[in-house]
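J.: I would like to see how this sequence folds:
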Amino acid sequence: MIAIAAAATALVLAGCTSNDGLAGQYQDGSGQGYISGDGAYTEIPESDRNDPIVFSGTDENGNTISSDDLAGTAYVVNFWYASCPPCRVEAPDLAELSAQYADVPFVGVNISDSAEVARTFATTFEIPYTSILDADTAAVQLAFAGSVAPNAVPTTIVVDGEGRVAARISGLIRDPGILASMIDTVLAEGPQ
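T.: Numbering: from 1, shown residues only. Coordinates of the predicted model:
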C-alpha cells in the first residue's frame, strides 16, 4: 500500500514539473536557477490605477528611502540583484535613462545581495542611483505585490505622481525607448 501511494505521488509530481513552464525555466539550466520575465510590459490607464504604494527601506549606504521621500513626483523602481544576467545587461540602459530623466528619481530594489555587493555593482555599471536592500524582509516587494507584482527579475515599474503604479516591464528592458515612453506618458499626465 505504501509503495502504491509513493508511486502515485511520484507520478503526480512528475506530471506537475514536466509540463510546468515556470518549473522548466527554473530547472532546465536556461533560467540559471531563477525565473526571468519575457520583457512583456503593461501600462495602466490613469483611471484604473490602484492605491498609492507605501514602502520604506534602507539603501546600500545605510540611508532610508521611502515612498514619502518620492511623494508628488513620478519615479522608476527597478527590482534586481547582482548575479542576475538580464539585470547586468539592462544596467547601462537604466543608468543612461536615469541621466536622461534627471528630474525623475530612479530607485533600485536589490532582492538578494549585501550592501557591499550592491555598491560594487553600482560602481561597475556606473549606476547613479541607490538601491534599497530588500533581501532580508522583502518589504518593498510585498508593497508592490498588490498592484502589479514584481514577479520576475528584473522588473521595472513606473510610478505616477500620486504614488500609483502606472506601468511595468517584466524582465529585461529590451528597448530603452519603451521605458522612456512609459515615463513620458506619466509625465504628460500633469504636474509631478
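
J.: Lowest mean pLDDT among the helices and strands of the chain, which one is it?
T.: The weakest-scoring helix or strand in the chain, judged by mean pLDDT, DSSP states H and E, is helix 21-27 (a mean of 37).

J.: Give me the contacts around the helix or strand harbouring Cys87.
T.: Using DSSP states H and E, Cys87 sits in helix 85-100. Applying CB atoms under 8 Å, 6 or more residues apart in numbering, the external contacts of helix 85-100 come out as 32, 36, 76, 78, 80-82, 104, 106, 121, 125-129, 153-154, 156, 171-173, 176, 179-180, 183. Using the backbone N, CA and C atoms, a C-beta is placed for each residue, glycine as well.

J.: which of those are buried?
T.: 36, 76, 78, 80-82, 104, 106, 121, 127, 129, 153-154, 156, 171-173, 179-180, 183 (16 or more other CB atoms under 10 Å).

J.: buried set for stretch 44-55?
T.: In stretch 44-55, counting by 16+ other CB under 10 Å, buried: 44, 49, 53, 55.

J.: Figure out how far that stretch is from the centre of its chain.
T.: Between the centre of stretch 44-55 and the centre of its chain there are 16 Å (CA atoms, centre = their mean, to the nearest Å).

J.: Endpoints of that stretch, how far apart?
T.: This stretch, stretch 44-55, spans 20 Å end to end (CA to CA, to the nearest Å).

J.: So, low pLDDT: which residues of this protein?
T.: By pLDDT under 70, the weakly predicted segments of the chain are 1-39, 147-149, 191-192.

J.: Run a quick neighbour tally on the closest residue to Pro176 other than its chain neighbours.
T.: Counting by CB to CB, 6 or more residues apart in numbering, Pro176 lies nearest to Asp93, which is 4.3 Å off, once chain neighbours are set aside. Counted by other CB atoms under 10 Å, the residues lying close to Asp93 total 18.

J.: Then Gly72?
T.: Using other CB under 10 Å, Gly72 has 10 other residues around it.

J.: ok, now the one 5 residues further on?
T.: Neighbour count of Val77, defined by other CB under 10 Å: 26.

J.: which neighbours does the helix or strand where it lies have in its sheet, and in what orientation?
T.: For Val77, the element it lies in under DSSP H and E is strand 75-80. Strand 75-80 sits in its sheet next to strand 106-110 (parallel), strand 155-159 (antiparallel), going by DSSP bridges.

J.: Among the contacts of helix 85-100, name the ones in helices.
T.: Among the contacts of helix 85-100, the members falling in helices (DSSP state H) are 121, 176, 179-180, 183.
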